[in-house]
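>>> sequence first, predicted coordinates after that:
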Amino acid sequence: MKINHITNPRVEMEDHYYNAIHSALPALGLTPHLLDDSVVASMIEVALRNKCRIDASVLTPGVKWKQK
């Protein structure tokens, strides 16, 4: 599989000062479901099984925030 790299269209800095703290949902009893290797592998397996149904044209970013 070949990975095509694209130019980052964002205008904000790569490292940002904002440090969001997620406290409301855990306070309501939500237990986070973390993405470990088995979860990612399962997601990739589902994507590969359904790759004939994927429309790649909708995955390619079309927004250009940076002005040339």
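Yep, that arrived.

>>> ok, and what's touching stretch 10-29?
8, 32, 65-66 (C-beta atoms under 8 Å, 6 or more residues apart in numbering). In short, each C-beta sits where N, CA and C put it, glycine included.

>>> among those, which has the minimum pLDDT value?
Looking at these by pLDDT, the weakest one is residue 66, with 70.

>>> what about that one, how many residues close to it?
9 (other C-beta atoms under 10 Å).

>>> cool, and residue 7?
8.

>>> what residue lies at the spatial centre of this structure?
residue 59 (11.3 Å; C-alpha atoms, centre = their mean).

>>> just name the shakiest helix or strand of the protein by mean pLDDT.
Ranking every helix and strand in the chain by mean pLDDT, DSSP states H and E puts helix 24-27 at the bottom, with a mean of 88.

>>> the very next helix or strand once past that one: how far from the chain's middle?
Per DSSP states H and E, the first helix or strand lying C-terminal to helix 24-27 is helix 37-49. Centroid separation between helix 37-49 and its chain, computed with C-alpha atoms, centre = their mean, to the nearest Å, is 14 Å.
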